[in-house]
Structure formats: structure tokens, C-alpha cells
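Colleague: quick one: sequence and predicted model below, then my questions.
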Amino acid sequence: MSSETQKILSTDGIPLEESLKQAEKKNKIKAFLLVTPLLLFLIITYIIPIADMFSRSIDDKMVTNMLPKTYKAMEQWDGKELPPEEVFEAFYLDYKILVENKTAGRLQTQLNYEKNGFKSVLKKLARKQKKFEEGNYKEQIMKVHKRWRNVDYWRAIKRRAPAYTYSKYLKGVDMYSNEQGKIVQVSENRRIHRILWSRTLEVAFFVTLFCFLMAYPIAHLLATLPMKYSNLLMICVLLPFWTSLLVRTASWMILLQQQGLVNDFFVWIGLVTDDNRPEMMYNKTGTYVAMTQILLPFMVLPLYSVMKTISPSLMRAGKSLGATPGVAFFKIYFPLTIPGIGAGCLLVFILAIGYYITPALVGGASGTLISNQIAYHMKSTLDWSFASAMGLMLLTGVLVIYWIYNKLVGVDNIKLG
Amino acid sequence: MSKKEDFVKFDKVDKSYDGKVLVVKDLNLDIEEGEFVTMLGPSGSGKTTCLMMLAGFETPTNGEIYLDKNPISNIPPHKRGIGMVFQNYALFPHMTVFENLAFPLRVRKISKEDIDKKVEKALSMVSLSGFGNRMPGQLSGGQQQRVAVGRALVFDPSVVLMDEPLGALDKNLRESMQYEIKHIHESIGVTVVYVTHDQGEALTMSNRIAVFNDGKVQQLSSPDKLYEEPVNSFVAEFIGENNTFAGEISDISNGSCKVKLDKGEIIANPISVKSVGEKTTVSIRPERALINPKDKMDNNQKGKIEEVIYHGDHTRVRLNLLGNSEFILKVPNSSQNLDIKLGNEINIGWNSHDARALDPK
């Protein structure tokens, strides 16, 4: 009885919940249709490329597909001693097809990555295997080159068996999986990526700091000046937004180069001598200066929007209650601007960490960042899977920073506008 | 302890923001210690500017303000020790109620125990005990207002300024807060300077009211005097309801005068007129004019009822009297058998003492 009476019915006797669903259905469909174009756009331009990048970065099917029979036969092999006859036979059959199709070269290159000197061994086999007789392939192959008796070479082949690999990610942090399958660091003189990662973080951190230090007073001025001045100042802040990024970077090149305006000025006021002009470009200084200027509006705008909402009477109240202007600022004004600071810093830091054009143009050798390395592998070495892996590592890094930020400040406290 | 009569003193204070217009002109004002003085006036009359000068957020262009005989123009706001309640409360949104109240004590480096004691006392004074851990955003408008009042009083300032503190509250709450602030003032005896444009508020709360207009104090007196005896037509118009007749003095003698109107003539009390032929505005409070007066009154006129509006406790009657079609009467609802119907002609009488002949508008 109780359950009968508890169920609330609409006037027509339909349960209220269902009736509500029916009534809202049309609106829900309409709302969904409205956002569909954007949803599709996001899926096509954002979700799919990231998924593709991810699959590219771990894809290692090339060798797997070239040696299907070998890997099937190797499934039983434990890798401790030389593989049995079936493996040799399967490898001979696979390799024969590759040689006939003239695609053996790719296998040679790939396996040479795993084990130095593999290429010549394989090339010799390609020449000799035409004369092989049927049966007892183990003996015949081992006769071609004595290295075939070394189990390390077979292990190298086996290591390429999985269709997926994380080796590109290891390479991104200057590590690799050695012949024994252990993860070790590359030799010290080849550790370039770690330097790039730390430099990227360092540049992003300092650019964020400089942006904050410069943007805070500007934003405060913007929020407190009378309308007619603040509009003018706002235009000055936004002007860089309306100028092409390349133009802005190029103008920094004109200003900062050794024969540039800034150096000319230093010489003119006697700060430096003419033959001792400091290098301010093609190094980290150039990257800092140009990136700070370019990213400044991203710090000013969130700060401004937050400061605009802080009533001037709060500061007055603080002063009337006996706080000196300094105390009133740090106890009242500053805490209230934290949402803006958080938003601005997060925005600038994330933009800076993936910055590409500016460091590429003014960075020189000591000012390039991880994104330049990614671009290098995309365009020059054509190692797209490595580029994808580093891109994803960058993305993960950003997400981790966002997560930490959320723990520390709370995303609810961000205010972008 | 004798009270100082000029505890707060404005001495010939002028204020101009742009160098062209004076928003405060030659202001002289003495405020007694422990007094509740309200600055009342329409917006733009300079009352808030006066308050801001006293608080230290604006500097006088000319003249000096004295607090307890000391000139304060060169003292920054945080050293004046004046409490202030702002129009929008100006509570610190990132601090709890307790922290808000503790703020003025903490910046004065008072010991923690004393802070706890004083804040607790202030909270109970504004009947908010137990609300210490709430954030201002979790409080209603009235509660926020109390916090603001408590915060302005917690550090025992000698003067508290209030800048239209009740402006954002609804009518009922505003009225109860008026009484509450009045009682707090009476119990702790602090000097209060209160700014409002609401005359009801000013009349309810103040010891004295300074009516501002056009940068000048028009009249400074107690609420009853202000209402009953306005010294000029601005005050008469601004405070309470008012019936006016514009005319010319035709005779003046022995504390009464005759005023010739376009239609007819009335007897009035000469306040700011001195000689025959002067133009004047005669002001009569609606409750001073009676219908069918029993006693003899020296003004008796006939008027035609043009509008009757029922107001609950009283009825407002609009008459056409001596060519003034805006003559208002307030008839208490207890008085029955009066013939108040639209279109009726009725007898209206008032004493010439209550008809004040003021400056012409």
C-alpha cells in the first residue's frame, strides 16, 4: 500500500518521473543537436589526433609483420639457449619472402638498432640462402656466419616480437632497454632530452614569474584607472594580440641582435663598449624576453577580470580599521586576487611549456625547448613515433601540473573572466 | 565626565574635485561627543564627501577638520581610529566573521585572548553569537550589516561613520536595524556620524540632523524641530510631506502675515519674510490641516475632493484648494462620519502658526 501511495502520478495517471522525462526529451534532443557540430569538431580535431599520436608512439608492428612465422615459432622458446630447428626454419622462410620482395633492407635496419652488427650478418644470409637445401636449416644458417650461434642475436629478434613498445618513451627521457631487457640510461654525452625537459620547465617557470611580476601592477592599474585611461591602456595590452606572432618575434630579433637597437642604446649611454656588445639573442635571454612579452596578455586579462570585481571599499575598510596600506594590500587585496593569479599562471605556464615559434627563432642552441625537438623529429628525422611519444609526454606533463595545481589551489578558484 | 561640544569640528571646509565646482561649500559643523548626527540630503548634495573627508579618504580643499581639538587633515585614515560602516558592508569575503571582526584588533597587535574576548563581546552586541565561523557570503544581508557594524565598533573607536548602511536592505529589515543601531549607540555612547538620503531613517535615529543641499548645510537641528519648524522651503519640501502655496506678502504685523495668492488670501507665520511685497512659499504639513474643525481656526477654506487613496491606517485625500490641486490631507481612519467622497466640497481649517511663510522656491 505504501509503495502505491508513494509513487506520485501526474494528472493523467502516468508516473511523474516518466512524465517529466517525456516532457524534457524534446529539449534534450534540441540541446544535443545544438552542440553536435562542436562535439564532432572536437572529436575530429582533438580526440582522434591524440589517439592517433598515442597509437603511433607505441606502434612497433613493422618487424612483427615482417617475421610472422618466426615469432609464432618463437612463442615456445625460452631464450636461454639457441632456439630449436623450427625457429630457424620459420626465420628462413620469412626472410626468403622479404628478400624476394626486396624489403629485407628495412628489417636489417630495424634489427641493427637492437644489436649492432646485425646488418652485415643478415646481408650475408640474404646472399647465401639462395643455395640452401631443404631441411636442417639450423645447421645451414649457422654455417653462413658464426654469429648465428650467438644467442644474443636471436634474443634481439625476439625483443622485437611485441606489436607495441614503450621504447620511444624511454628514449624521450634518455633511457633504453638493453640486451638483457633492463632499463638503463644512455651514456652521459648522449643525454640531450633531459636537458631539454629541464630547460623547458625552467623557461616556462621563469616566463610565468616574469609575466606575473609585470602583469600584476598593470592589471591593478587597469582595474582602478578611470574608464578613458583604462581603455587606452587595455588597447596597449591587447595590441600584441592583434599583431602576428611572427611579426612580434621578428621585431624582437631586430631589437635584440648584437647590432640591434637595444645594444645601440647601451653603447650610446656608455653601458657597454662598442666591441663588447652583449649577446641577447640566440640564447636563453632572447627566449625569456620575447616569450614574456608575447605571453603577457594571458596573465593580464585574468588578473584584470578578477581585480575588476574587488570593490575599492574593501581596501578603504581595511585602512579605516587601522591597517597600513601595505598590510591592507597583503591581507585583503592580494588574497582576493589569488584566483586570477592562479588562472594567469596556469595559462602562461601551459602555453610556455609548449612554445615553439619564438624559441625556434630567437632561442639559438641554448634557447630551444622540447617542442623544437618534437618539430625536428617531425620534419627532419621523420621519426614520427618518437615525436608523438614526446608530444604525449608533454601533454601528460601538463595534465600532471594541472592536477597538482588543482590539489594546491583548487580549480574552482580559477577565474578566467 | 563632561561631554565635549565640538568633539568633531568641520571648520570652513571646502571641497572640489575638479577645481571648477565646489561640492562642499564653507561647511561649519560641530558634533558633540556621544551624539548621533545624521547627514541627510539628496544624492550629490555633498554629504558622502563630508564623511569621506572625516574618514580620511578625501582631503579638504580648504579648511580643517578637528577630532577632539586635533587637526586631522594630515593624518592618514589608518591612524585616525575612526570606525566606518560602508554602504555595501565591505566585509572581507575571504575571512570568516570572526576574522573580519578580529582584523582591526590584529593589526593593532592585541593579544589573542583579548581579541577573542572583544570579538565575542562585539558579536553578542550585534546578536550574532555563534556565527563566528561563517563566511560573509553565507549570511543574509541583515546579518552582514550587523557584522559590519560590529567590526566598526570592536576596536572601541571614538567616532563611527556610517555611509548609508541600510540602503541595500528591504523595508522591514531596515526598520528593525534602525532601532538596533540606535540602541547600540545609546548603550555604548559612541559618537556616530550617519549619512543617508532616507528621511525616515534620519528622523528615527538621530539626535541631530544636518540637511544638506547643494554642498551646504541647510538646517542643523533635532528631528522634531526639523519637521515642525523648517527654516527654508528646501527643508520643508525634503522632510516629510508638505503643502505649499506660492504668493506675495500683502500685510505683516505682530508675528503673522497675510499672503496674497492667485486665488484668495491666507494668514501665515512669517519665518523668512520681512516686508510687504516679498514673494514667499507658504508651507503647511498635511496633518495640521483639519476637516470641519471644531475649534476656531484663523484659516478656513473650502476645497473639492479630487482623489481618495486608502492607506490602511489613514486615508490620503487630495483636494483642490485655493487653486492648488495638490493639497494633501491625511485623515486617520478612526475619524468616521466625515463626508469624504470624490467630488464633495469640504471645509478645511488650519492655524496661521502652522502655515510657515518661507523663502520663495
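Modeller: All right, it came through fine. These figures come from a predicted structure and were not determined experimentally. Numbers count the residues shown, from 1 in each chain, chains lettered A, B, ... in the order given.
Colleague: so how far is residue B:74 from the residue nearest to residue B:32 when sequence neighbours are not counted?
Modeller: Among residues not flanking residue B:32 along the chain, residue B:5 sits closest, at 5.2 Å (CB to CB, 6 or more residues apart in numbering or on different chains). In this view, the C-beta of every residue, glycine as well, is placed from N, C-alpha and C. In this view, residue B:5 and residue B:74 are 24 Å apart by CB to CB, to the nearest Å.
Colleague: residue B:309: what secondary structure?
Modeller: Here residue B:309 is recorded as strand under DSSP: H, G, I helix; E, B strand; the rest coil.
Colleague: wait, it touches residue B:330, no?
Modeller: No. Counting by CB atoms under 8 Å, residue B:309 stays clear of residue B:330, with 10.3 Å between them.
Colleague: quick check: which ranges of the stretch 301-417 of chain A have low pLDDT?
Modeller: A:411-417 (pLDDT under 70).
Colleague: same thing but at 80, please
Modeller: For the stretch 301-417 of chain A, applying pLDDT under 80 flags the ranges A:365, A:367, A:408-417.
Colleague: chain B contacts on that one?
Modeller: Residues of the stretch 301-417 of chain A that fall close to chain B, judged by CB under 8 Å from any CB of the partner chain: A:311, A:313-314, A:316-325, A:327-328, A:331-332, A:335-336.
Colleague: and stretch A:67-78, end to end?
Modeller: Start-to-end span of stretch A:67-78 (CA to CA, to the nearest Å) is 18 Å.
Colleague: now for residue A:218: which residues touch it?
Modeller: A:233, A:237, A:300 (CB atoms under 8 Å, 6 or more residues apart in numbering or on different chains).
Colleague: that one: which element?
Modeller: Remark: residue A:218 resides in helix A:193-224, with elements defined by DSSP states H and E.
Colleague: next structured bit after that helix?
Modeller: Note on helix A:193-224: by DSSP H and E, the next helix or strand toward the C-terminus is helix A:227-242.
Colleague: now do the buried residues in the next helix or strand after that next one.
Modeller: Sequence order places helix A:245-256 as the next helix or strand after helix A:227-242, per DSSP H and E. Buried residues in helix A:245-256, defined by neighbour count with 16 or more other CB atoms under 10 Å in any protein chain shown: A:248, A:249, A:252, A:253, A:255, A:256.
Colleague: closest one of these to chain B?
Modeller: residue A:248 (37.3 Å; CB to the nearest CB).
Colleague: how near is that closest one to residue A:297?
Modeller: Applying CB to CB to residue A:248 and residue A:297 gives a distance of 11 Å.
Colleague: residues shared between the contacts of those two?
Modeller: Residues touching both residue A:248 and residue A:297 (CB under 8 Å, 6+ apart) are residue A:240.
Colleague: so which residues of the stretch 251-361 of chain B form strands?
Modeller: For the stretch 251-361 of chain B, applying DSSP state E, counting those that start in this stretch gives strands covering B:256-260, B:265-270, B:279-284, B:290-291, B:299-310, B:314-321, B:324-332, B:345-350, B:356-358.
Colleague: for residue B:9, which non-adjacent residue is spatially closest?
Modeller: Leaving aside its sequence neighbours, residue B:9 sits nearest to residue B:66 (CB to CB, 6+ apart; 4.2 Å).
Colleague: quick check: that neighbour is in a helix.
Modeller: No. Per three-state DSSP, residue B:66 lies outside any helix segment and is strand.
Colleague: quick one: least confident helix or strand in chain B?
Modeller: Across the helices and strands of chain B, mean pLDDT, DSSP states H and E gives its lowest value to strand B:290-291, namely a mean of 80.
Colleague: how about the secondary structure of the residue nearest in space to the middle of chain B?
Modeller: Closest to where the C-alpha atoms of chain B average out (CA atoms, centre = their mean) is residue B:202, at 3.2 Å. Classification of residue B:202 using three-state DSSP returns helix.
Colleague: tell me how far it lies from chain A.
Modeller: Using CB to the nearest CB, to the nearest Å, we find residue B:202 at a distance of 22 Å from chain A.
Colleague: OK, contacts around that residue?
Modeller: Applying CB under 8 Å, 6+ apart to residue B:202 gives the contacts B:38, B:40, B:194, B:196, B:209, B:223.
Colleague: again, only using 6 Å
Modeller: Each residue near residue B:202 by CB atoms under 6 Å, 6 or more residues apart in numbering or on different chains is listed here: B:38, B:40, B:196, B:209.
Colleague: what does residue B:220 give?
Modeller: By CB under 6 Å, 6+ apart, the contact set of residue B:220 is residue B:210.
Colleague: so where does it fall, helix or strand?
Modeller: Assigned by DSSP H and E, residue B:220 falls in strand B:216-221.
Colleague: what distance separates that strand from the centre of its chain?
Modeller: Chain-centre distance of strand B:216-221: 11 Å, with CA atoms, centre = their mean, to the nearest Å.
Colleague: could you dump the helix or strand just after that strand to CSV, C-alpha only?
Modeller: Sequence order places helix B:223-228 as the next helix or strand after strand B:216-221, per DSSP H and E. Presented in CSV, the C-alpha positions along helix B:223-228 are these (Å, rounded to 0.1, in the frame of the first residue of the first chain):
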residue,chain,number,x,y,z
PRO,B,223,14.4,65.8,14.2
ASP,B,224,11.2,67.3,15.7
LYS,B,225,12.4,70.8,15.1
LEU,B,226,13.4,69.9,11.6
TYR,B,227,10.0,68.6,10.9
GLU,B,228,7.9,71.1,12.7
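Colleague: what helices or strands is helix B:223-228 leaning on?
Modeller: Of the remaining helices and strands, none touches helix B:223-228 by 3 or more CB pairs under 6 Å, 6 or more residues apart in numbering or on different chains; DSSP states H and E.
Colleague: what does that helix rub up against?
Modeller: Contact partners of helix B:223-228, identified using CB under 6 Å, 6+ apart, comprise B:203, B:206, B:209, B:239, B:240.
Colleague: ok, stretch A:63-79 next?
Modeller: A:83, A:86-87, A:90-91, A:93-94, A:98, A:107, A:110, A:155, A:158, A:160-161, A:163.
Colleague: make it 8 Å
Modeller: Stretch A:63-79 is contacted by residues A:83-84, A:86-87, A:89-91, A:93-95, A:98, A:103, A:106-107, A:110-111, A:151, A:154-155, A:157-158, A:160-163 when judged by CB under 8 Å, 6+ apart.
Colleague: take these and keep only those in helices.
Modeller: Per DSSP state H, helices hold the following members of the contacts of stretch A:63-79: A:86-87, A:89-91, A:93-95, A:98, A:106-107, A:110-111, A:151, A:154-155, A:157-158.
Colleague: quick one, strands of chain A?
Modeller: A:175-177, A:183-185 (DSSP state E).
Colleague: which parts of chain B sit against chain A?
Modeller: Proximity of chain B to chain A, by CB under 8 Å from any CB, involves residues B:55-57, B:76-84, B:86-88, B:90-94, B:103-104, B:107-108, B:151-152, B:155, B:161.
Colleague: count the residues that sit near residue A:230.
Modeller: Applying other CB atoms under 10 Å in any protein chain shown, we find 16 residues neighbouring residue A:230.
Colleague: got the contact list for it?
Modeller: By CB under 8 Å, 6+ apart, residue A:230 lies in contact with A:221, A:222, A:223, A:224.
Colleague: cool, residue B:308 as well?
Modeller: B:315, B:316, B:317, B:318, B:340, B:341, B:342.
Colleague: just to revisit the earlier point, which of the contacts of stretch A:63-79 are buried? Put it as a PyMOL command.
Modeller: In PyMOL, a selection of the buried entries from the contacts of stretch A:63-79 looks like this (16+ other CB under 10 Å):
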select buried, chain A and resi 83+86+87+89+90+91+94+95+98+107+110+111+154+155+157+158+160
